[in-house]
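Colleague: Next one to model:
(2 chains)
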Amino acid sequence: MVGRSIRGAAAFVGVGLAGIGLAPGFTHLDLIGLAVHEALRDAGLELHEVDGLFTANMANMLPTLAVGEYLGIRPSVAVGTNTGGNSLIDHALWAAIALEAGICSVAVICYGSNQRTGKSVPPDQPPYELAYHSRDPITSYALAAARHMHQYGTTREQLAAVAVSAREWARRNPIAFARDPLTVADVLASRMVCDPLSVLDCCLVTDGAGAIVMTRSDRARHTDRAPIYLLGCASAQSHRQISQMPDLTVTAAAQSGPRAFAMAKLEPRDVDVLQLYDAFTINVLLFLEDLGFCEKGAAGALVASGAIAPGGTLPVNTNGGGLSCVHPGMYGIFALIEAIEQLRNSAGARQVAGAEVALAHGNGGMLSAQTTAILGTAATL
Amino acid sequence: MPADDASQPTGAPGAAFEAFLKGGEFRLQCCRACGRQIYYPRTVCHYCGSGDLQWLPASGRGFVYSTTIVRQKPDRGGDYNVAIIQLVEGARLLSRIVDVSPSDVRIDMPVVAIIREAGGVPQLLFRPSAGA
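Modeller: Numbering: from 1, shown residues only, chains lettered A, B, ... in the order given. Below is the predicted model:
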């Protein structure tokens, strides 16, 4: 049976953030070091207790070696799978499996980047698309957005509503990078980059790092902070280059979502708060549809109604998301950390009252790889 | 690739694809086992797993599946089109629609392949056509 032994087997017991926004002079490893330090302090655990390392980034071909060496740990399990921005949520599944199997007892998941203030690293390029000067990633997401508009009548105003909602949440988050007021008209008037996506349909480019500590649930009950449990998690992938995506309006979240919900024994209506990897505004529409929060093609009208904004019925990206809070290249770990903060009831002015179940969804590549994680408080076990 | 088929190129599929373009031909692999048209060039069919692939002339006819305008300052060459083209034989690929203003390219527009040199390298591009 899918996930029978993994549901609730492991818990998130510490989180840390570092260098959110700008971190001039720091390397990505420096920022990872700071975030891991903070996450371990939050968990009440020591570095020497860490025996599981789950990490990927945009600078290291061999991330578990580079990060392990920097941190000074010799983990008994090291997973460096890199499928893009969803990787760090996917790592939570493999950490839970390793913890449950007894291969490790304290797992650290961590990511960091200095992409805004540091030197940029040339990314892995798609071989048969490069010659056409596709300006990826935005060209690929623009092609998906254009197709969604063509098939379902989605409008630029509806896409803009995603950015405006994210900004309204960011204005309630003191560490969010972009906190100025933002209107739909501002988004529509901003510089077009790749039709139909303008610069304000695109995520931020920031520095930043995040780290999470996981243990088996029996051990988590003895830590200082209320543990947040991993109830379900699943990944799915469909392609690498955008031209090979079978249907530009349907992502592999249509597979990862139902599998994660099945493992969690929950349904979309049970979710109190969502963190959806918003590299571009179109992402949020695709994931709301593919994860079962509305019918295919209906997400544009849903977000334009204000449902995902503060005070709405379906709170999405409560930290401000990649659009307004932080986006250092791979955003997945920040979606996971905000889900944990919400379930800990520690999200301050942006807290969703009574949140017991959270969904964190990660996206990698050109809408290529998808990971859905469902988290819950002790009450959901 | 069967050894008895002298008309078929041997060696790396990417190089064969480019060699055909250099000779002014747009050819794609087709799977002899399942009959599907394959893009991008491969050593095995990604539909059925067969290694029995042959290079066949592609009609070059298709339609725009999705399209975008990459915005660029005029002094850097100006705006240009990037599109995904659905070929009538089944494959889907990314290219550019040329000989038309980027703002006039529409989804579902019929297009046809052309080969044009770009920086000494033959490139597969598409232009609007009367009908697919």
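Colleague: which bits of chain B sit near chain A?
Modeller: B:14, B:39-40, B:65-71, B:80, B:82-84, B:92-96, B:107-108, B:118, B:121, B:123 (Cβ under 8 Å from any Cβ of the partner chain). Where C-beta positions appear, they are placed from N, C-alpha and C, glycine not excepted.
Colleague: In strands, which of those fall?
Modeller: Members of the residues of chain B next to chain A lying in strands (criterion: DSSP state E): B:65-70, B:80, B:82-84, B:92-95, B:118, B:121, B:123.
Colleague: give the contact list for A:Pro126.
Modeller: Residues in contact with A:Pro126, defined by Cβ atoms under 8 Å, 6 or more residues apart in numbering or on different chains, are A:134, A:136, A:240-242, A:366.
Colleague: Neighbours of the residue lying closest to A:Lys296 once chain neighbours are set aside, how many?
Modeller: Take A:Lys296 and drop its neighbours on the chain: the residue closest to it by Cβ to Cβ, 6 or more residues apart in numbering or on different chains is A:Glu289, 4.9 Å away. A:Glu289: 24 surrounding residues under other Cβ atoms under 10 Å in any protein chain shown.
Colleague: if I look at A:Glu289, how far off is chain B?
Modeller: For A:Glu289, the distance to chain B (Cβ to the nearest Cβ, to the nearest Å) stands at 17 Å.
Colleague: contacts for the helix or strand that contains that residue?
Modeller: When secondary structure is defined by DSSP states H and E, A:Glu289 falls within helix A:281-290. Helix A:281-290 is contacted by residues A:141, A:144-145, A:148, A:154, A:158-160, A:162-163, A:197, A:201, A:249-254, A:257, A:276-278, A:294-300, A:302-303, A:308, A:314, A:316-317, A:323, A:361, A:363, A:367, A:370 when judged by Cβ under 8 Å, 6+ apart.
Colleague: Please apply the same query to stretch B:115-127.
Modeller: The list of residues contacting stretch B:115-127 from outside it, by Cβ under 8 Å, 6+ apart, reads A:131-132, B:18, B:21-22, B:24, B:26, B:60, B:62, B:83, B:85, B:93, B:95-100, B:111-114.
Colleague: Show me how to select, in PyMOL, the buried members of the residues you listed.
Modeller: Buried members of the contacts of stretch B:115-127, defined by 16 or more other Cβ atoms under 10 Å in any protein chain shown, are picked up in PyMOL with:
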select buried, (chain A and resi 132) or (chain B and resi 18+21+26+60+62+83+85+93+95+96+97+98+111+112+113+114)
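Colleague: Specify the beta-bridge partners of B:Ile69.
Modeller: In this structure, B:Ile69 has the following beta-bridge partners (DSSP bridges): B:Asn81.
Colleague: In contact with the spatially most distant residue from the centre of chain A, which residues are there?
Modeller: Computed with Cα atoms, centre = their mean, the residue of chain A farthest from its C-alpha average is A:Ala131, at 30.5 Å. Remark: with contacts taken as Cβ under 8 Å, 6+ apart, A:Ala131 is in contact with B:118, B:121, B:123.
Colleague: Name the residue most distant from the centre of chain B?
Modeller: B:Asp75 (29.1 Å).
Colleague: what about that one, is that helix, strand or coil?
Modeller: helix (DSSP: H, G, I helix; E, B strand; the rest coil).
Colleague: hang on, the earlier thing: which among the ones in strands among the residues of chain B next to chain A end up buried?
Modeller: Buried members of those, counted by 16+ other Cβ under 10 Å: B:65-70, B:80, B:82-84, B:92-95, B:123.
Colleague: Kindly list the longest strand within chain A.
Modeller: strand A:10-21.
Colleague: tell me the angle the next helix or strand along the chain from it makes with strand A:10-21.
Modeller: The helix or strand immediately downstream of strand A:10-21 is helix A:28-43, counting by DSSP H and E. Between helix A:28-43 and strand A:10-21, the angle comes out at 130 degrees (axes from the mean of the first three to the mean of the last three Cα atoms, to 10 degrees).
Colleague: Packing partners of helix A:28-43?
Modeller: Helix A:28-43 sits against strand A:10-21, helix A:63-71, strand A:106-113, strand A:207-216, with contacts defined as 3 or more Cβ pairs under 8 Å, 6 or more residues apart in numbering or on different chains; DSSP states H and E.
Colleague: which one of the ones you listed lies closest to A:Ser87?
Modeller: Between A:Ser87 and the helices and strands packed on helix A:28-43, the shortest gap by Cβ to Cβ is with strand A:106-113, which sits at 8.0 Å.
Colleague: Now the next helix or strand after that closest one: buried residues?
Modeller: Moving toward the C-terminus from strand A:106-113, the first helix or strand encountered (DSSP H and E) is helix A:138-152. Buried residues in helix A:138-152, defined by neighbour count with 16+ other Cβ under 10 Å: A:138-150, A:152.
Colleague: Run the chain-centre distance for helix A:138-152.
Modeller: Counting by Cα atoms, centre = their mean, to the nearest Å, helix A:138-152 is centred 21 Å from the centre of its parent chain.
Colleague: which other residues reach that helix?
Modeller: A:134, A:154-156, A:159, A:193-197, A:201-202, A:241-242, A:245, A:248-249, A:279-283, A:285-286, A:296-298, A:300, A:366-367, B:65-68, B:70, B:82-84, B:107-108.
Colleague: Need the buried ones from the residues you listed selected in ChimeraX.
Modeller: ChimeraX command restricting the contacts of helix A:138-152 to the buried ones, with burial defined by 16+ other Cβ under 10 Å:
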select /A:134,154,156,159,193,194,195,196,197,201,202,241,242,245,248,249,279,280,281,282,283,285,286,300,366,367 /B:65,66,67,68,70,82,83,84,107
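Colleague: can you tell me which residues contact residue 47?
Modeller: Chain wasn't specified; assuming chain A. The neighbours of A:Leu47, taking Cβ under 8 Å, 6+ apart as the test, are A:36-37, A:40, A:71-73.
Colleague: should've been chain B
Modeller: Counting by Cβ under 8 Å, 6+ apart, the residues that B:Tyr47 touches are B:31, B:34, B:36, B:38.
Colleague: Pick the one among those residues closest to A:Glu338.
Modeller: Proximity of the contacts of B:Tyr47 to A:Glu338, judged by Cβ to Cβ, is greatest for B:Ile38, which lies at 42.3 Å.
Colleague: I figured that closest one hits B:Arg92, correct?
Modeller: No - the pair B:Ile38 and B:Arg92 fails to qualify as a contact (Cβ atoms under 8 Å) at a distance of 11.0 Å.
Colleague: who's in contact with the nearest residue to A:Met330 once chain neighbours are set aside?
Modeller: Distances taken as Cβ to Cβ, 6+ apart put A:Gly85 closest to A:Met330, at 4.3 Å, once the chain neighbours are dropped. With contact taken as Cβ under 8 Å, 6+ apart, A:Gly85 is in contact with A:277, A:279, A:329-332, A:362-364.
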